[in-house]
Structure formats: structure tokens, C-alpha cells
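Just need the structure, nothing else, for what follows:
(one chain, ligands or ions: 1)
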Amino acid sequence: MVKLHGTMIINEKGHLEIGGCDTVDLAAEFGTPLYIMDEELVRERCRQYYEGFTGTYPNSEVIYASKAFLTLAMCHIVESEGLGLDVVSGGELYTAMKAGFPADKVYFHGNNKTPDEIKYALESKIGRIIVDNLTELETLDRICGELHTKADIMIRITPGIEAHTHEYIQTGQIDSKFGLVLSNGQALEGIKIALEKENINLKGLHCHIGSQIFELESYQHAAEIMMDFLHKVYLETGHRIEDLNLGGGFGIYYVSGDKPANIKAYATMVMETINRMCEEMDYPTPKVIVEPGRSIVGTAGTTLYTIGSVKDIPGVRKYVAVDGGMTDNPRPALYQARYEGLVANKADRPRTDEVSIAGKCCESGDMLIWDLHIPEVQPGDILAVFCTGAYNYSMSNNYNMLARPAVVFVRDGRADLVVRRETYEDLVRNDVVPERMKKGKPLSVVNSGQ
Ligand code: LLP
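Below is the predicted model of the structure:
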């Protein structure tokens with residue numbers, strides 16, 4: 001038996017096993033492509049966060065950024081592990097409410113919440129709305145007035161930090177669609193406007209400096225800038241900000257060379273920085289909130305595919321095509337993201353071949369892995385791609401009318417379906433054919449508009 005990450009092992013049959021379930025059997029039972037989540041690993045990551053922050057520093061809260069991976073079952077897991085939830089749309093909020101997630105532990109983000117979404121959030125009595133900009137502040141205040149309610153808000157600040165990550169997922173820098181800029185005075189101005197609003201309770205400030213970040217110093221830097229700002233807000237307005245939300249972004253392992261920091265070290269560094277600054281500035285310690293997404297679910301996810309066509313171009317490349325691709329994992333195409341994997345039914349064989357894993361979409365860019373060492377494969381073999389738990393299912397799509405895969409949680413030898421595989425019927429369930437386009441109608445009828 002060889003132990004890999006989480007509960008993953010190579011069992012005595014030479015098969016990949018996760019959560020005590022043989023993945024070759026899972027592929028046969030549920031079909032492929034298939035998302036598998038290692039429940040024990042998801043819970044372990046939740047606990048590492050909970051213990052690192054709330055367990056050690058009671059003035060802190062961890063909220064899971066549900067955009068990384070959200071299903072009803074996931075809401076139950078997050079709730080049972082004592083974490084709150086970050087949502088960014090009416091749809092994510094609906095999922096949380098449908099799962100019965102405690103509304104007061106829901107935080108609503110987004111740079112363009114619609115009036116309907118704002119109403120929905122207020123009516124659901126969620127914990128906090130994170131206001132992104134002044135337009136939203138006005139709209140929120142007006143809707144609160146109409147509904148005779150008040151909103152507890154945080155304001156999103158752009159602290160001006162450029163985390164070392166892919167440029168598309170940098171969000172802390174000044175030129176960003178998110179938040180009010182700190183350095184040019186817009187943030188302070190926004191806060192003053194919020195304090196004047198009748199229906200708004202300004203509880204906190206928020207920042208998010210990017211995603212897949214490895215350097216803890218970036219977080220320390222963000223914490224320092226934000227604490228300085230909280231102090232400045234107090235000196236300028238006399239208002240004490242109670243909550244400081246430092247966003248998510250903690251990096252994870254995808255491929256060799258990725259060196260994620262330790263969650264406990266992250267928690268200690270952030271909390272000690274804030275506690276030290278509060279002491280120095282004689283400022284009451286705010287409640288600190290963090291919003292991890294990827295680092296809760298990323299490494300817990302594995303996608304199984306069935307290998308189909310194999311095409312060798314001698315001296316050039318060997319393409320091994322699978323039955324999914326950019327529809328279930330758009331990250332390689334979008335961000336040049338890299339993944340590792342193995343052949344689940346030949347996991348103990350020597351990896352003698354170097355191949356490129358292609359998806360089945362009609363796009364040359366639909367490549368999942370450019371260079372992967374695997375044993376010689378035949379059609380029907382099962383490929384497992386690792387660390388697909390975050391931003392895969394949640395970013396999946398139906399390009400080329402491919403049906404979205406099922407999602408299965410595995411634990412202690414049990415495999416539970418949490419999302420059914422889409423059917424062909426699902427693909428057209430929202431389609432409507434207007435009467436005049438129905439088969440058999442002559443063109444003259446169409447042209448006369450009848
Ligand atoms: N909080 C806020 C306000 C965010 O915008 C995000 C991610 C998070 C928390 C969670 O960040 P995490 O811990 O998951 O890094 N689709 C991209 C990632 C986009 C992240 C967007 N915001 C990807 O696949 O890499």
C-alpha cells in the first residue's frame with residue numbers, strides 16, 4: 001500500500017483508492033467523468049482553519065468561500081464544522097438557504113449585486129453584506145428604507161497589494177473592479193458616506209488580495225495596512241470598526257514545486273500581527289474574519305476520466321484523450337493551470353510513457369495536462385486528475401452540450417452521490433421552441449409572423 005495525500009492510497013490491487021473506495025469501482029458505478037471529494041480531507045481542512053483561528057483566537061471567524069465548490073451537501077459539512085459561508089450571488093445564497101445554513105453566518109460579496117439579490121439577502125436576514133462600491137451603498141440604503149430594515153455591512157477596500165499570483169486572479173491591486181481604493185482617499189470617503197446613511201450599520205472592513213498565494217508576508221502586509229486604516233478611520237470619524245475581514249486566497253499544492261504554507265502558521269501570523277498592532281495603537285482588537293475557498297476543498301477533489309483515443313505523433317507528442325476536459329475543468333485553458341494525475345487502474349505500474357492529456361471539446365486549447373508520465377494505456381483505462389476540488393465543479397459548463405459530471409463524497413468505504421450526473425434531457429430542459437418554428441410550418445407562415 002502506498003499512501004498519497006488525504007485518505008488516498010494505492011491499494012493491493014494496484015488501484016487508486018480514496019476514502020476507502022476503489023476508484024475503479026467508483027468509475028464503474030457512477031460513470032465518468034466523475035468528481036470525487038475526500039470528505040475526511042475536507043473536514044480536516046475545515047478543522048485546521050477552525051482550530052488555527054477560532055479555537056485559538058476566539059475573536060476570529062472562518063467563513064468558507066463557497067464559490068470554490070458549492071452543493072447542498074457541502075453546506076451541511078461546512079455548518080457541522082463550525083464555519084460560516086461567503087456567497088457572491090443570489091444563486092449561492094439560495095443554495096445556502098435551501099440547505100438550511102444559519103443565515104447569520106452568511107456573508108454576501110460581489111461587485112454588482114442586483115436590487116433583487118440585495119432584497120433577497122435582506123429578507124433572508126443574513127449576517128453581513130459586503131458593500132463593494134458607492135452605487136451599491138446607495139441602492140442598499142434605499143432598499144432598506146423600502147423594507148423598513150437596516151443592514152449590517154462591511155465595506156470592501158482595495159489595499160493596493162499585488163500578491164504574486166496569476167495576473168487574472170489578482171484583486172488587491174489598485175486598478176481592480178473590486179472595492180474602494182485606500183490610497184487615493186476613496187475608501188475613507190465611502191466610509192464617511194456610509195456612516196451618514198440612515199439604514200446602514202457599518203460593522204466592518206474587508207479586503208482580498210488574490211488567490212493561490214503562498215507568501216504569508218502578503219497577508220501580514222495586508223493585515224498591517226488594514227489595521228493602520230482602522231485606526232485612521234477612528235481618528236478621522238470617531239467610529240470604531242468592529243470586524244476586519246482579510247479575505248481568502250491561501251495557496252495549495254497542485255504540482256511539484258508548489259509549497260503551500262501551513263494553515264496554523266498563517267493563522268498565528270495574521271492574528272499575532274493584529275493583536276500586536278492593536279496593543280501598540282491602543283485600539284480594541286477587531287473580530288478577524290478569513291474566507292478560504294480553495295484551501296478547504298482543492299486537494300480533496302479528484303476527477304476520474306475514461307481514456308478514449310490515443311494518438312501518437314512520433315517524435316512530436318502522444319495525445320491521450322479523455323471523456324471530459326475544459327467543460328469540467330476550465331482552469332488549464334483559462335489560467336494555464338497545471339495538474340498531476342495517474343492511471344487509477346494501473347497506479348502501481350512503472351510510468352514509462354510521456355503523454356499529453358486532451359479533453360474532448362472542439363478546441364485545440366482543450367488540454368488538461370501537457371506533460372504527464374503514465375504507464376502504457378488503452379482505451380477504457382481510468383485517469384485520475386488530482387487537486388480538482390476547487391473551481392472545477394463550480395466553474396463547469398455545458399460547452400459542446402457536454403453534460404456536467406456527478407459529484408460523489410467518499411468516506412470510510414462509503415460513496416454518496418451529492419450531485420447527479422446531468423442527462424441529455426437536462427441539457428434542453430430550459431429550451432423553448434416557439435410555435436411558429438415548429439416542424440412542418442411553411443416558410444410563408446414564418447415570414448408573415450403568424
Ligand atoms: N474572498 C473573496 C472576496 C474572493 O474573491 C475569493 C476568491 C475568496 C475569498 C476565496 O479565495 P480562495 O481561498 O479560494 O483562493 N477561479 C479562480 C479563482 C478565483 C478566486 C476568486 N475569488 C481559479 O480557478 O483559480
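
do you know how far the spatially closest residue to Glu92 that is not a sequence neighbour is from Leu83?
Leaving out its chain neighbours, the residue that sits closest to Glu92 by CB to CB, 6 or more residues apart in numbering is Ser66, at 5.3 Å. Using the backbone N, CA and C atoms, a C-beta is placed for each residue, glycine as well. Plainly put, Ser66 is 10 Å away from Leu83 if you go by CB to CB, to the nearest Å.

More neighbours: which of the two?
Neighbours were counted for Ser66 and for Leu83 using other CB atoms under 10 Å; Ser66 has more, 28 against 23.

ok, Ile161 touching Ala222?
Yes - counting by CB atoms under 8 Å, Ile161 touches Ala222, with 5.5 Å between them.

Neighbour count for these two, which is higher?
Neighbours per residue, other CB under 10 Å: of Ile161 and Ala222, the larger number sits with Ala222, 27 against 21.

Could you look up the SS state of that one?
Judged by DSSP: H, G, I helix; E, B strand; the rest coil, the three-state class of Ala222 is helix.

show me what contacts it?
Contacts of Ala222 were listed using CB atoms under 8 Å, 6 or more residues apart in numbering, and they are 159, 161, 172, 207, 209, 246-247.

try 7 Å this time
Residues near Ala222 by CB atoms under 7 Å, 6 or more residues apart in numbering: 159, 161, 207, 209, 246.

in terms of contact, does Ile225 touch Thr158 like I think?
No - between Ile225 and Thr158 there is no contact under CB atoms under 7 Å: 10.5 Å.

out of the two, which sits in the more crowded spot?
Neighbours per residue (other CB under 10 Å) separate Ile225 from Thr158, with Thr158 holding more: 25 against 18.

so what's that one bridging to?
With DSSP bridges applied, Thr158 shows beta-bridge pairing to Val181.

Just confirm it contacts Ser176, I think it does.
Yes - taking contacts as CB under 7 Å, Thr158 lies within contact range of Ser176: 5.5 Å.

any idea which helix or strand carries Gly308?
strand 301-313 (DSSP states H and E).

what residues does the stretch 251-400 of the chain put near the ligand?
Residues of the stretch 251-400 of the chain lying near the ligand by CB under 6 Å from any ligand atom: 291-295, 331, 335, 390-391.

want to throw the residues you listed into JSON lines with secondary structure and pLDDT?
Formatted as JSON lines, those follow (DSSP: H, G, I helix; E, B strand; the rest coil; pLDDT from 0 to 100):
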{"residue": "Glu291", "secondary structure": "coil", "pLDDT": "98"}
{"residue": "Pro292", "secondary structure": "coil", "pLDDT": "98"}
{"residue": "Gly293", "secondary structure": "coil", "pLDDT": "98"}
{"residue": "Arg294", "secondary structure": "helix", "pLDDT": "98"}
{"residue": "Ser295", "secondary structure": "helix", "pLDDT": "98"}
{"residue": "Arg331", "secondary structure": "helix", "pLDDT": "98"}
{"residue": "Tyr335", "secondary structure": "helix", "pLDDT": "96"}
{"residue": "Ala390", "secondary structure": "coil", "pLDDT": "98"}
{"residue": "Tyr391", "secondary structure": "coil", "pLDDT": "98"}
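
Now, of the residues you listed, which are buried?
The neighbour count (16 or more other CB atoms under 10 Å) marks 291-295, 331, 335, 390-391 as buried among those.

quick check, nearest of these to Glu136?
Comparing those against Glu136 with CB to CB places Glu291 closest, at 18.6 Å.

which residues does that closest one contact?
63, 65, 86, 245, 247-248.

Likewise for Tyr107?
Contacts of Tyr107 were listed using CB under 7 Å, 6+ apart, and they are 63, 84, 86, 127-128, 130.

Out of these, which sit inside helices?
Among these, no member is found in helices (DSSP state H).

out of those, which is most surrounded?
When neighbours are counted by other CB under 10 Å, Asp86 leads these with 29 neighbours.

What are the boundaries of the helices in the stretch 251-400 of the chain?
Counting by DSSP state H, counting those that start in this stretch, the stretch 251-400 of the chain has helices at residues 263-281, 294-297, 331-335.

Could you do the stretch 1-150 of the chain as well?
Along the stretch 1-150 of the chain, counting by DSSP H, counting those that start in this stretch, helices occupy 23-30, 39-50, 72-80, 90-98, 115-123, 134-147.

Which one of those helices lies nearest to His373?
Closest to His373 of the helices of the stretch 1-150 of the chain, according to CB to CB: helix 23-30, at 18.9 Å.

Could I get the buried residue list for that closest one?
Within helix 23-30, the residues scored as buried using 16+ other CB under 10 Å are 23-24, 26-27, 30.

Identify the residue nearest the geometric centre of the protein.
Ala68 (1.5 Å; CA atoms, centre = their mean).

Alright, that wraps it up for me.
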